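[1] all I have is the shape, not the residue letters:
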Ligand SMILES: Nc1ncnc2c1ncn2[C@@H]1O[C@H](COP(=O)(O)OP(=O)(O)O)[C@@H](O)[C@H]1O
Ligand SMILES: Cc1ncc(COP(=O)(O)OP(=O)(O)O)c(N)n1
């Protein structure tokens, strides 16, 4: 059995965070474990409260799992504070795992899920040990200080991120405009490719980034090569966005159960 882990915050409404990750893991046939960094009181309209775990308790969860189970791939989501990032990095450095870092910063409703002063720790501690970083455009802007408006800006920002030590960066284009949702993938060795899929006209995109990075982690845990895992994760999120559940009064969740039933072949084009 392939065992993977998510280190992230709990979303009480189940569309993002730990809940989205575990549903995605289950759907992709890997065994999901978790370390919860924070509880959020949240629904499809927004986040109303946050209770962070201590760095010590976050690490205790990771240690309990790793002492007993053979985890091969880990993702991080909401990490909330510099103290949690530092503690998680120190612990993960002891293990040989593929690490997907989703640099969760702001929820769709505008709530801050990462303290401003934690961005330095993300860049200097966690990124150097990461296999792949999956920022959306605002997150890439925050990490690099570059205002991203053009494809050239995306490339410049990606190169700045790779210089921090991560092996690969997926610049997610969900926040851009256009008929296609385009993600651009850059590797430290200079390789590059872009993936595009039809942009679905929907407000039900709560947890898209969490779900994409969880699917990527699951495919890495199953032994896929990094490039193939990224492409298959894009298929997974496209299926999840294309088959809406239509629940809640705000930004509803994606459908984590659509991938197996949906016809995903040909939905993602590579450039
Ligand atoms: N409306 C959409 N239609 C199709 N794909 C989308 C849509 N919105 C986001 N995506 C895809 O979902 C994934 C997550 O992207 P994004 O929404 O930018 O992340 P985040 O949730 O971190 O803001 C990316 O692969 C992106 O291209
Ligand atoms: C607990 C928790 N973690 C992460 C997020 C943000 O998830 P993301 O996938 O970036 O989705 P949106 O916030 O853009 O919908 C969250 N809301 N809660």
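    Arrived safely. Computed from a predicted structure; not experimentally measured. Ligands and ions are numbered 1, 2, ... in the order given.
[2] residue of the stretch 1-150 of the chain nearest ligand 1, please.
    Going by C-beta to the nearest ligand atom, ligand 1 is nearest to residue 136 of the stretch 1-150 of the chain, at 3.6 Å. Where you see a C-beta, it was placed from the backbone N, CA and C, and this is true even at glycine.
[3] tell me how far that residue lies from residue 92.
    To residue 92, residue 136 is 23 Å away according to C-beta to C-beta, to the nearest Å.
[4] would you confirm that residue 31 contacts residue 2?
    Yes - the criterion here is C-beta atoms under 8 Å, and residue 31 meets it with residue 2 at 6.7 Å.
[5] quick one on the thing from earlier: the residue of the stretch 1-150 of the chain closest to ligand 1 contacts residue 169, correct?
    No - at 11.8 Å, residue 136 does not count as touching residue 169 under the criterion of C-beta under 8 Å.
[6] these two: who's more crowded?
    Per other C-beta atoms under 10 Å, whichever of residue 136 and residue 169 has more neighbours is residue 169, with 28 against 23.
[7] tell me which element the more buried one is part of?
    In the assignment (DSSP states H and E), residue 169 maps to strand 168-171.
[8] that strand and ligand 1 in contact?
    No - legend: contact between strand 168-171 and ligand 1 by C-beta under 6 Å from any ligand atom is lacking; minimum distance shown is 7.8 Å.
[9] just the buried residues of that strand, please?
    Going by neighbour count (16 or more other C-beta atoms under 10 Å), the buried part of strand 168-171 is 168, 169, 170, 171.
[10] partner strands of it and their direction?
    Each strand paired with strand 168-171, and its direction, by DSSP bridges: strand 132-133 (parallel), strand 180-187 (antiparallel).
[11] tell me the average confidence for stretch 110-118?
    Mean pLDDT, computed over stretch 110-118, is 95.
[12] er, stretch 208-219 actually
    Averaged across stretch 208-219, pLDDT comes to 98.
[13] could you do stretch 129-144 as well?
    97.
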